[in-house]
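Participant: The sequence and its predicted three-dimensional model are supplied below.
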Amino acid sequence: MQTLLDRAMIASRYILAVFYLGLAVALAAYAVKFVFKVWKFATTILTEQDDNQILLSILYLVDSALVASLVAMVAISSYDSLVSRLINEQGKSEIEWVSNLDPGNLKLKVALAIIAISSIYLLQKFMNVDSLDDRALTWGIVIHLCFVVGALVLAFIDRMQAQTKLIAKGGKTKDE
């Protein structure tokens, strides 16, 4: 009975594939929206009078690329580590960077991507600072700082876990 339960639990990881496939579909839809924004930008670049509006449009495109990269990174690395390894016929990883990502690294990369996205969002807000009230601007900064503090805490915890594992194996830490 225990073996059957163990096999069922291990097989249940394939349910996650539905979520990663859903992320791929969402990414494709987001790509269509991105192409539309690039087209709109390209067709209006010569008629735009305001350099700030051009810069805001470019920042939106950069922000979109970061969001898409975040979704792809999470979907691919999570699928590789939780559902099925992405390997070719020779037994090598299909995507080299995936094999270098452990859960701690992935959490840090996601946190850094969120900080980058938040930074671009704040920069967009600062470009139109005259149209914002102080409350909206203050909350934007506070939320961004929460992301930064969260990433620092994640990095600290990841470092502490790595040092603990190294000590448990009988090695010395970098600080010793």
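Facilitator: Happy to help now that I have it. Residues are numbered from 1 along each chain as shown.

Participant: I54: helix or strand, and which one exactly?
Facilitator: In the assignment (DSSP states H and E), I54 maps to helix 51-78.

Participant: any idea what sits nearest A26, other than its immediate chain neighbours?
Facilitator: V71 (6.9 Å; Cβ to Cβ, 6 or more residues apart in numbering). Where you see a C-beta, it was placed from the backbone N, CA and C, and this is true even at glycine.

Participant: Just the local confidence number for that neighbour, please.
Facilitator: Looking at V71, its pLDDT stands at 88.

Participant: Could you list the low-pLDDT ranges of this protein?
Facilitator: 48-49, 85-104, 171-176 (pLDDT under 70).

Participant: got the contact list for L66?
Facilitator: By Cβ atoms under 8 Å, 6 or more residues apart in numbering, the contact set of L66 is A113, A116, I117, I120.

Participant: What distance do you get for the residue positioned nearest the centre of the chain to M127?
Facilitator: Nearest to the mean C-alpha position of the chain, by Cα atoms, centre = their mean, lies L70 at 2.8 Å. Using Cβ to Cβ, to the nearest Å, L70 is found at 23 Å from M127.

Participant: Dump the contacts of L66 to a markdown table, plus secondary structure and neighbour count.
Facilitator: As requested, these are exported to a markdown table (DSSP: H, G, I helix; E, B strand; the rest coil; neighbours: other Cβ atoms under 10 Å):
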| residue | secondary structure | neighbour count |
| --- | --- | --- |
| A113 | helix | 18 |
| A116 | helix | 17 |
| I117 | helix | 19 |
| I120 | helix | 19 |
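
Participant: V25: neighbour count?
Facilitator: 10 (other Cβ atoms under 10 Å).

Participant: and the angle from whichever helix or strand it is part of to helix 51-78?
Facilitator: Using DSSP H and E, the element containing V25 is helix 16-44. Counting by axes from the mean of the first three to the mean of the last three Cα atoms, to 10 degrees, helix 16-44 lies at 160 degrees to helix 51-78.
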